[in-house]
Each structure stands twice: as C-alpha cells, then as structure tokens.
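In: Curious how this folds, go ahead:
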Amino acid sequence: MKKIGLIVKEASQSRIKDTLKDSGTVFIVKYSGVSSPDLCSLRQILKGANASLFIVKNSVARRAFKDSALEPLVKNIDGPCGLIFIKDEPVGASQVLCNFTKEHEQLKLEGGALSDKIIEKEDIEHMAKLPSKEVLRAQVVGALNSPISGLVITLNQVLAKFVICLDQIKQKKTS
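Out: Residues are numbered from 1 along each chain as shown. The predicted model follows:
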C-alpha cells in the first residue's frame with residue numbers, strides 16, 4: 001500500500017504534465033516573502049488572464065520537467081517556487097506578473113517556457129511591454145486599410161476636380 005505523501009506527489013506530477021500539454025506556456029516565479037492573501041489575489045488576477053498559479057514541491061516539479069523539452073528549467077527551481085500555466089496568449093499574463101512584481105518586490109520572475117522554447121526573466125518583461133493581441137490586430141487592419149483609403153481619397157479628388165471643371169465649362173457656355 002502506497003503512502004499518502006507518495007500518492008499526492010504522483011498526482012501533482014501528473015497534473016503538471018497534463019497542464020503543460022494543455023497550456024504550452026509556463027512561467028516560474030519565486031514567492032518567498034509574499035503573504036498568502038497576496039498570493040490569493042494574484043491567483044484571481046491571473047484567472048482573468050486565463051492563467052493559473054500552481055505551487056508544488058520542488059522535487060515534484062523537477063521530476064515533471066525531467067526528460068522533456070523543459071528540462072533546462074530545472075535550474076530555476078530552488079526555494080519556494082510556483083508554476084504559472086498560461087492557456088491563451090502569454091502577453092496578458094506577463095503584464096499581470098510584471099505589474100504584480102512592481103507592487104510586491106518579494107515575487108521574483110525566474111524564467112519559463114513558451115511553446116517548448118526556454119525564455120528568461122528579461123524575455124517575460126519584454127513580452128509584458130507588448131500590446132495585446134486585439135491591439136496588434138487593429139494595428140494590422142489599420143495598416144492594411146491605409147493604402148486603400150488613400151487610393152479612394154485620391155480617386156475621389158480626381159473625380160471632384162473633373163466635376164468642377166465640367167461645371168465651370170457649363171457656366172461659361174451659358175453666360
């Protein structure tokens with residue numbers, strides 16, 4: 001018969017592996033010195049960005065990352081660490097984390113993985129400065145629409161000048 005502790009560790013390890021398959025993006029944070037109510041508020045804020053904070057024993061996280069593309073992340077796992085799994089775009093979650101670390105200096109970004117690519121703390125901070133996906137889409141649509149709008153305005157100007165010219169010719173002939 002297995003001990004309860006071993007069962008919990010195995011369940012946590014399988015949960016990490018399953019969540020990694022679903023999300024694809026994970027950030028590692030160190031939360032030493034952050035109070036429990038602050039961690040709860042971080043969880044709530046992350047939920048709005050389609051992300052979740054999972055706190056697990058370091059040995060369990062190391063075993064979950066071992067023999068995978070995320071094995072280089074094992075070096076970042078020491079001390080009280082939490083894993084942040086992101087389901088959608090990572091920009092929103094990185095913005096939430098960077099804003100939270102400004103208010104709570106005890107929370108430290110360590111690094112993470114973005115679609116099996118290992119990223120560092122600086123990459124997460126740069127990602128937080130990017131606009132959201134909706135803003136980027138609007139900028140692309142505006143850039144694509146700009147030449148068309150310019151062409152329509154130019155053609156409209158040519159047509160308006162032609163109509164004015166015809167009107168002036170008509171006025172000369174009637175006078």
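In: drop to CA atoms for contacts and neighbour counts, all remaining ones
Out: Will do.
In: Contacts for stretch 75-83, please.
Out: By C-alpha atoms under 8 Å, 6 or more residues apart in numbering, the surrounding residues in contact with stretch 75-83 are 26-32, 53-58, 61-62, 110-111.
In: Do a quick rundown of the strands in this protein.
Out: Here the chain has its strands, by DSSP state E, at 25-30, 51-55, 81-86, 108-114, 117-120.
In: Just put those strands in TSV and tack on mean pLDDT, mean neighbour count and distance to residue 16.
Out: As requested, these are exported to TSV (pLDDT from 0 to 100; neighbours: other C-alpha atoms under 10 Å; distance: least, C-alpha to C-alpha, whole Å):
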stretch	mean pLDDT	mean neighbour count	distance to residue 16
strand 25-30	90	24	10
strand 51-55	90	20	9
strand 81-86	90	24	9
strand 108-114	89	21	14
strand 117-120	88	16	17
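In: Same list, those, but as JSON lines with distance to residue 145 please.
Out: Converted to JSON lines, the strands of the chain look like this (distance: least, C-alpha to C-alpha, whole Å):
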{"stretch": "strand 25-30", "distance to residue 145": "33"}
{"stretch": "strand 51-55", "distance to residue 145": "34"}
{"stretch": "strand 81-86", "distance to residue 145": "33"}
{"stretch": "strand 108-114", "distance to residue 145": "32"}
{"stretch": "strand 117-120", "distance to residue 145": "34"}
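In: Out of these, the one nearest residue 38 is which?
Out: With C-alpha to C-alpha as the measure, strand 51-55 is the member of the strands of the chain nearest residue 38 (12.2 Å).
In: Residue 116 and residue 72 touch, don't they?
Out: No - with contacts counted by C-alpha atoms under 8 Å, residue 116 stays clear of residue 72, the gap being 10.5 Å.
In: returning to that earlier point: residue 45: which of the strands of the chain is closest?
Out: strand 51-55 (8.7 Å).
In: Could you check the angle the closest one makes with strand 25-30?
Out: Calculated by axes from the mean of the first three to the mean of the last three C-alpha atoms, to 10 degrees, strand 51-55 forms an angle of 50 degrees with strand 25-30.
In: in its sheet, what does strand 51-55 sit against?
Out: strand 81-86 (antiparallel) (DSSP bridges).
In: Show me which helix runs longest in this structure.
Out: Criterion DSSP state H: the longest helix present in the chain is helix 133-174.
In: average pLDDT for that one?
Out: The predicted model gives helix 133-174 an average pLDDT of 84.
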